[in-house]
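any chance you could fold what I've pasted below:
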Amino acid sequence: MSVAITIGDRRGAIAGDAPVTMDLAELLSTRLLVQGNSGSGKSHLLRRLLEQSARMVQQAIIDPEGDFVSIAERYGHLVIDAAEHTEAALQAAGERMRMHRASVVLNLEGVDADVQMRRAAAFLGGMFEVPRDYWYPVLVVVDEAQLFAPAAAGEVSDEARRASLGAMTNLMCRGRKRGLAGVIATQRLAKLAKNVAAEASNFLMGRTFLDIDMMRAADLLGMERRQAESFRDLERGYFVALGPAVCRRPLAVRIGPVETESRSAGPSLMPFEPVAAGDEIRELILTPVPEREMPQRPARNFSPPPDILAQLAAHAETATVETEEDAVAEAPPVDAAAQRLRFIEILTDILRDEDAGFRPAHVLYQDFLVRCRIEGMGRDALDMPRFRRLLAVAKAGVDSTTAESEQWRDAEQMAAALPDDVQGIFLLIARAALHNQPCPSDSVIARTYGTHSLGRARRQLAYLEEQNMIVLRHDGLGRRSAAIIGAGWQTAPAMPDGSEG
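Numbering: from 1, shown residues only. Now for the predicted structure:
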């Protein structure tokens with residue numbers, strides 16, 4: 001079914017004549033990229049698109065500046081203030097909004113860039129990981145997309161950038177099959193990751209002045225380089241459109257009016273009447289700020305003890321002993337080995353989900369902490385470095401007997417010299433070699449590494465060989481076996497593709 005919405009009219013046409021429409025069904029399949037410098041009318045365009053389609057399709061708006069909160073008042077969107085919720089709660093909200101088919105505005109106003117990226121990634125991840133039964137069409141609008149999919153590293157942490165960029169890549173590259181239609185808007189194409197921008201098939205390019213942005217816009221629209229300077233001449237609210245959902249040739253469009261207003265609209269120019277700098281104004285502006293009055297303390301005689309340092313040291317030792325005694329009296333002793341096994345069991349249960357192996361570590365960590373809190377283990381049951389090590393053990397699929405054996409402890413010590421993301425692969429092979437089981441296939445290794453690429457999995461095996469951790473052998477039938485260097489364990493031969501050779 002084809003449903004058209006009107007976004008405006010042709011440039012130079014009388015209002016109401018020659019309307020320009022957008023095929024909403026085609027948009028949901030082909031995605032949209034909007035570019036425009038500040039003041040070009042980019043947010044106005046997004047607002048027009050959202051208003052026209054609000055009654056036709058479910059919407060999710062990633063709003064870094066709180067511009068689109070006013071849409072909720074008119075169209076019934078749920079506003080989620082990211083500052084008031086954790087990443088785990090936002091991931092759950094992303095899943096539930098698709099299950100219950102509710103339109104949502106994720107308001108990221110008031111939090112710093114690092115937190116914005118983490119929480120937007122969690123929310124998008126929840127929408128992406130929802131079960132297949134809930135893959136209903138959703139229009140996902142991301143304003144200021146260069147903040148969430150930057151082309152280069154900035155001042156935010158690498159972990160936050162990877163999580164956010166991964167979520168945006170999933171939205172634009174793999175979201176279509178899951179019903180997610182990405183509409184991303186940016187001030188600067190040069191600041192937006194190329195693999196995210198390249199997935200859009202529809203474009204609306206507004207006014208821009210920098211040569212690099214004009215050239216990229218012209219390339220995306222199939223225009224000649226000498227035509228790129230025309231983007232400087234576009235007026236506010238005018239965009240050049242191209243794409244299967246709008247038109248097959250570049251077309252200048254004047255965006256139509258909107259019914260709601262942004263909370264952060266820029267100030268309008270008003271008449272100014274200068275005020276003479278008289279005594280009254282001087283007094284209003286330069287009145288001294290009253291100093292904070294401090295209550296006077298009564299004077300007292302105080303003579304320091306002859307050896308204050310010795311007394312402080314003695315007091316500190318006494319306090320430490322008392323604190324340790326209180327802790328022992330209040331908290332029951334914790335069996336570290338039993339707790340470690342329970343952690344591995346929880347992680348193994350999480351990894352039973354077929355998609356869990358492909359989720360980022362920080363997402364799995366949030367799920368792990370929630371389960372630990374349910375069991376009464378506290379909010380900080382395990383720190384992130386120890387979690388990564390136990391996650392590698394859980395991915396290897398060891399049982400409780402193997403996990404407590406001396407040989408497995410040796411395997412974990414060997415794995416500690418490897419990067420975190422490769423430890424799981426090594427331990428997977430070590431477990432198979434310890435029990436003389438068939439060598440893991442490329443697909444199993446890829447899932448342990450968190451990728452769908454079999455080539456990347458084979459590269460990790462080559463890396464382990466280069467680090468003198470394993471030796472790979474192939475027999476005359478093409479079967480592969482792996483031996484652990486130093487330990488003398490070896491897997492049984494098996495076909496790399498998992499077939500029975």
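
shaky segments in the stretch 101-250 of the chain?
Counting by pLDDT under 70, the stretch 101-250 of the chain shows no low-confidence range.

what segments of it are helices?
Taking DSSP state H, counting those that start in this stretch to define them, one finds helices in the stretch 101-250 of the chain at 113-128, 158-169, 194-197, 211-221.

worst-scoring helix or strand of this protein, pLDDT-wise?
In the chain, no helix or strand scores lower on mean pLDDT, DSSP states H and E than helix 308-330, which sits at a mean of 53.

after that one comes which helix or strand?
Beyond helix 308-330 in the direction of the C-terminus, DSSP states H and E gives the next helix or strand as helix 336-351.

the helix or strand just after that following helix versus helix 336-351: what angle between them?
Using DSSP H and E, the helix or strand that follows helix 336-351 in sequence is helix 361-374. For helix 361-374 against helix 336-351, the angle between stretch directions is 120 degrees (axes from the mean of the first three to the mean of the last three CA atoms, to 10 degrees).

packing partners for helix 361-374?
Counting contacts by 3 or more CB pairs under 8 Å, 6 or more residues apart in numbering; DSSP states H and E, helix 361-374 is packed against helix 87-99, helix 113-128, helix 158-169, helix 336-351, helix 384-396. For every residue, glycine as well, the C-beta is placed using N, CA and C.

in the protein, which strand is the longest?
In the chain, taking DSSP state E as the definition, the longest strand is strand 247-255.

what sits up against that one?
Here strand 247-255 makes contact (CB atoms under 8 Å, 6 or more residues apart in numbering) with 7-13, 20, 41, 44-45, 48, 204, 221-223, 234, 237-242, 246.

give the ChimeraX command for selecting the buried subset of these.
Filtering the contacts of strand 247-255 down to the buried ones (16 or more other CB atoms under 10 Å) takes a single ChimeraX command:
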select :7,8,9,10,11,20,41,44,45,48,204,221,223,234,237,238,239,240,241,242,246
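
how is the chain carved up into domains?
For the chain, automatic domain parsing gives the domain ranges 4-255, 336-484.

now Leu428, nearest residue through space, not along the chain?
Nearest in space to Leu428, with sequence neighbours left out and distances taken as CB to CB, 6 or more residues apart in numbering, is Ala396 at 4.5 Å.

quick one: that neighbour from Leu108, how far?
According to CB to CB, to the nearest Å, Ala396 stands 38 Å off from Leu108.

export the helices and strands packed on helix 361-374 as TSV, with columns for distance to Thr186 and mean neighbour count.
Output for the helices and strands packed on helix 361-374, formatted as TSV (distance: least, CB to CB, whole Å; neighbours: other CB atoms under 10 Å):
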stretch	distance to Thr186	mean neighbour count
helix 87-99	22	20
helix 113-128	14	24
helix 158-169	11	20
helix 336-351	35	16
helix 384-396	32	19
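
and those: which comes nearest Pro137?
Closest to Pro137 of the helices and strands packed on helix 361-374 is helix 87-99 (CB to CB; 10.2 Å).
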